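Participant: could you look at this predicted model? Sequence included:
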Amino acid sequence: MIVEMLLGALFVCGTVALTLAAYFLMRLIMGGEAEGHEKELASSVIFRISALHGLILALVFAQEMVEYQQLKYEMATEAGAIADIYYDAARYGEGFKAPIQQAISAYVSQVIDGEWQSLADKGRLSNEAWAFWDKAYQHVLNLVPADKRQESLRSQMLERLHDVSQSRTKRESNVADSIDSIFWFAALSGVIFIALAYYAYPPRRRNLLLLCLFGAYTGIILFLIYAFSNPYQPPAALAPGPLERVQEQINASPATGL
């Protein structure tokens, strides 16, 4: 928590310092006080750059929030599919449930204990988790239904295993779609250009305070975008809560077959 707070403070203080540095550099280059027509032109430039800059930040922030919420939805979908497979295996028949349930239980444990950290460190899914998924898939494929009930349960388990596979693929693509360095170039350029255009206004205490407020708020937005850009790493790391709850249910179930 302390590290996250320090990182947020670094973003805020950094943008404030960048704003003031650009402002005073432009004042030094231009020299003297600006005339009336210069202030009008500066105001016009500030308005246009600010509009584009704000639009870029808003679009990227909204995109990161949507992807973050989508990951939470996919994780809940995967957890529901895992629970369905596990309990459908028990419904299929006492003599067939153990291999499927063992593979599914091992898969969940591997995702929680190994894959989540692998996504944070390498941005890659765990090969071990894929192996356990494939093992469960093979066991379900090898089932030979004896009646309509078993045929329906087998079909449902295969469908839910496909749902798990799709959720896994989306989980990995969420890391691959992280923010490109071009965005940070555009965002920081906007801060600099806006600050440069304020050179026409004298460095009075109130004016400097307003510049600091602009830099601080921009820093907060940039920090939030950075935080949500990788949901597997702090400061906005997303815990596999739904999968952990499914694991607890599986471990507490009398039908574990283990």
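Facilitator: On my side now, so go ahead.
Participant: so where do the helices sit in the stretch 151-258 of the chain?
Facilitator: Along the stretch 151-258 of the chain, counting by DSSP state H, counting those that start in this stretch, helices occupy 181-197, 205-229, 241-252.
Participant: so the second one versus helix 181-197, what angle?
Facilitator: With axes from the mean of the first three to the mean of the last three C-alpha atoms, to 10 degrees defining the directions, helix 205-229 sits at 170 degrees from helix 181-197.
Participant: just how off-centre is the lowest-mean-pLDDT helix or strand in the chain within its chain?
Facilitator: When each helix and strand of the chain is scored by mean pLDDT, DSSP states H and E, helix 116-121 comes last, with a mean of 88. The chain centroid and the centroid of helix 116-121 are separated by 13 Å under C-alpha atoms, centre = their mean, to the nearest Å.
Participant: check which residues of that helix are buried.
Facilitator: Within helix 116-121, the residues that count as buried by 16 or more other C-beta atoms under 10 Å are 116, 118-119. All C-beta atoms are positioned from the backbone trio N, CA, C, and that covers glycine.
Participant: let's have those in CSV, adding distance to A106.
Facilitator: What follows is the buried residues of helix 116-121, written out as CSV (distance: C-beta to C-beta, whole Å):
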residue, distance to A106
W116, 15
S118, 16
L119, 18
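Participant: about what we covered before: nearest to A103, of the helices of the stretch 151-258 of the chain?
Facilitator: For A103, the closest of these is helix 241-252, at 11.8 Å, according to C-beta to C-beta.
Participant: what about the stretch 101-250 of the chain, any weak spots by pLDDT?
Facilitator: By pLDDT under 70, the weakly predicted segments of the stretch 101-250 of the chain are 176-178.
Participant: if we use 90, what do you get?
Facilitator: Scanning the stretch 101-250 of the chain for pLDDT under 90 picks out 117-118, 120-124, 170-182, 200, 229-238.
Participant: just checking, G8 touches Y226?
Facilitator: No: counting by C-beta atoms under 8 Å, G8 sits too far from Y226 to count as a contact (9.4 Å).
Participant: so what's the residue count around the spatially closest residue to G190 that is not a sequence neighbour?
Facilitator: Nearest residue to G190 in three dimensions, chain neighbours excluded: H53, at 3.3 Å (C-beta to C-beta, 6 or more residues apart in numbering). Using other C-beta atoms under 10 Å, the number of residues around H53 comes to 18.
Participant: what helix or strand does H53 sit in?
Facilitator: Element membership for H53 (DSSP states H and E) is helix 36-92.
Participant: the inter-axis angle of that helix versus helix 241-252?
Facilitator: For helix 36-92 against helix 241-252, the angle by the same axes, to 10 degrees is 20 degrees.
Participant: direction-wise, compare the helix or strand just after helix 36-92 with helix 36-92 and give the angle.
Facilitator: Counting by DSSP H and E, the element after helix 36-92 in chain order, helix or strand, is helix 97-110. For helix 97-110 against helix 36-92, the angle by the same axes, to 10 degrees is 160 degrees.
Participant: just the buried residues of helix 97-110, please?
Facilitator: 97-110.
Participant: in TSV: these, plus distance to L18.
Facilitator: Formatted as TSV, the buried residues of helix 97-110 follow (distance: C-beta to C-beta, whole Å):
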residue	distance to L18
K97	61
A98	61
P99	59
I100	57
Q101	56
Q102	56
A103	53
I104	51
S105	51
A106	50
Y107	47
V108	46
S109	46
Q110	44
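Participant: could you single out the nearest of these to A197?
Facilitator: The closest of the buried residues of helix 97-110, once distances to A197 are taken by C-beta to C-beta, is Q110, at 54.1 Å.
Participant: spit out the contact partners of that closest one.
Facilitator: 126, 128-129, 132 (C-beta atoms under 8 Å, 6 or more residues apart in numbering).
Participant: how far away is the closest residue to it other than its chain neighbours from A62?
Facilitator: Nearest non-adjacent residue to Q110, counting by C-beta to C-beta, 6+ apart: A129, 4.4 Å away. Here the criterion is C-beta to C-beta, to the nearest Å. By it, A129 lies 31 Å from A62.
Participant: thanks a lot, see you next time.
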